[in-house]
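Visitor: Make a model of this:
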Amino acid sequence: MQEIKNGRIKIVPFDENRVGPGSIDLTLGSRFRVFERQNGICKVTEDTDFQKITKELEITCDRPLLLRPGETVLGATREKVVLTPNLCGWIEGRSRFARIGLGVHVSAGFIQPGTANRQVLEITNLGPTPLALIPGVKICQIVIERCEGRAVYNGRFKNQNKP
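Guide: Have a look, this model is predicted:
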């Protein structure tokens, strides 16, 4: 909490009630990218463009996104996370949802130092039952770490604000 008060961590919008002893809960936004069925093969290279095989959609609380068993979608947190160059973080799922088969990041849970964006979530249903994704639900948590030295992420997804 001290890092937030000192301005080294910014979360917008911020809710003090979401700060726990070792993590901060983040909520699910309303915009998603869903994968479209492909007839061909998607080659896994540095040039792979996920936007060519997905389409964007927006959901509401009244019309949640149904995630069937085995499906993956890209979502994003409602909150924008800003870290100083000496802080990095990890996105982790919440156990209450993991117990029903919901994974919030397939393999890319690391948040680079100097980040200033909404966190993209690779949401997967690993369970046997369809799951309804509802915006505003505390879907994941961020765990912050100090880095030795300072660095700022300048990669392909810098300043990303939507899935």
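Visitor: Against which helices or strands is the lengthiest strand in the chain packed?
Guide: Criterion DSSP state E: the longest strand present in the chain is strand 72-83. Applying 3 or more CB pairs under 8 Å, 6 or more residues apart in numbering; DSSP states H and E, one finds that strand 72-83 makes contact with strand 9-12, strand 24-27, strand 31-35, strand 116-125, strand 138-146. (Glycine included, C-beta is placed from N, CA and C.)
Visitor: rank the ones you listed by mean pLDDT and give me the bottom one.
Guide: The weakest mean pLDDT among those belongs to strand 31-35, with a mean of 91.
Visitor: So which residue is smack in the middle of this structure?
Guide: Closest to where the C-alpha atoms of the chain average out (CA atoms, centre = their mean) is L121, at 3.0 Å.
Visitor: residues touching that one, list them.
Guide: L28, L74, G75, A76, T77, I91, V104, H105, I139, C140, P163 (CB atoms under 8 Å, 6 or more residues apart in numbering).
Visitor: just curious, which of the residues you listed is nearest to C61?
Guide: L28 (10.6 Å; CB to CB).
Visitor: do you know how far the residue lying closest to the closest one once chain neighbours are set aside is from N161?
Guide: Distances taken as CB to CB, 6 or more residues apart in numbering put I139 closest to L28, at 4.3 Å, once the chain neighbours are dropped. Distance of I139 to N161, computed by CB to CB, to the nearest Å: 17 Å.
Visitor: do the same with R33
Guide: From R33 to N161 the distance is 13 Å (CB to CB).
Visitor: the more surrounded of the two?
Guide: Using other CB atoms under 10 Å as the criterion, R33 and N161 rank with R33 on top: 19 against 12.
Visitor: ok, that one touching Q51?
Guide: Yes: counting by CB atoms under 8 Å, R33 touches Q51, with 7.3 Å between them.
Visitor: Cheers, nothing more for now.
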